[in-house]
Each structure stands twice: as structure tokens, then as C-alpha cells.
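> give me the fold of what follows.
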Amino acid sequence: MKQRPAGRPSSSEQIIRDIKRKTRKQYSAEEKIRIVLDGLRGEDSIAELCRREGIAQSLYYKWSKDFMEAGKKRLAGDIVRQASSSEVTELRREARDLKEVVAEQTLELRLLKKSMLGDGDELE
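The predicted model follows:
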């Protein structure tokens, strides 16, 4: 038998790797959440759960960490939450209305000062 150099895989090995890569199962977010929640319930061991689901334990722990981090960010986001576009629109409208009120009040104040000072006197 011919031996290949240690650094280069044979073409058949490369083909097998490509097939495995292309046929690898992709888990949806819902599936990942279900698996992590099953692990958190503690009904089965993590090793058992991973065997049943056909995933590596390291992958489970990565998903679990991502799940916890996302939850932490979401809960922190409730405290310092971003305004929705409808809230931004409403706040802009309210700011415009308040500016109009200030402008009207300023005009009224000037007119009152002029009327109290007399006809041609200058305002200071």
C-alpha cells in the first residue's frame, strides 16, 4: 500500500469530509432553546440528553451559555430599553408642540412688555 504524506489528506478523505460538512444537521433557534431547557430541567443528565439529540456536550454548553447571555441582555434591556419608532414619532410631535407653546408665550410676553412701557419706548 502507498502511504500519503502526513500533511495532505487523500482525495477520498476530502470527499468524505465535504459530504459530512454539507449533511451536518442545522438546528433552528427553537430546537436549541428546547434542548437547553431540557438540560436545565435536569430530568436526564447532560450526557444522556446530548446522546439522545446527537450533539456534543461542548455544543450543548455553548448553546446554554449563549441562551443565558441572551436572557441577561434582554432583562437588562428592559431597564434601559430602546424607544420604538412610534414612541420616537410621538416624542418628536410633543417636542414640536411644546416649542410652539414657548414661541407663543414669548410673543405674548413681548407684546405685554411693549404695552406696559408705552408706545415708542425701547425694551431693555
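> domain boundaries for the protein, per the record?
In terms of domains, the chain is parsed into 26-81, 82-124 (source: automatic domain parsing).
> of those, flag the one that's most buried.
When you average the neighbours per residue for each of those (mean count of other Cβ atoms under 10 Å), domain 26-81 leads with a mean of 12. C-betas here are computed from N, CA, C, even on glycine.
> what's the offset of it from the middle of its chain?
17 Å (Cα atoms, centre = their mean, to the nearest Å).
> hmm, residue 46 is touching residue 60, no?
Yes: here residue 46 reaches residue 60: they are 6.1 Å apart, a contact under Cβ atoms under 8 Å.
> on that earlier part again, now the domains of the chain in TSV, with distance to residue 11?
Formatted as TSV, the entries for those read as follows, by distance: least, Cβ to Cβ, whole Å:
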stretch	distance to residue 11
domain 26-81	26
domain 82-124	52
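> on that earlier part again, overlap of the contact sets of residue 46 and residue 60?
Residues within reach of residue 46 and of residue 60 at once, by Cβ atoms under 8 Å, 6 or more residues apart in numbering, are residue 39.
> relative to the whole chain's centre, how far out is the longest helix along the chain?
When secondary structure is assigned using DSSP state H, the longest helix within the chain turns out to be helix 85-117. Its chain's average C-alpha position is 38 Å from that of helix 85-117, according to Cα atoms, centre = their mean.
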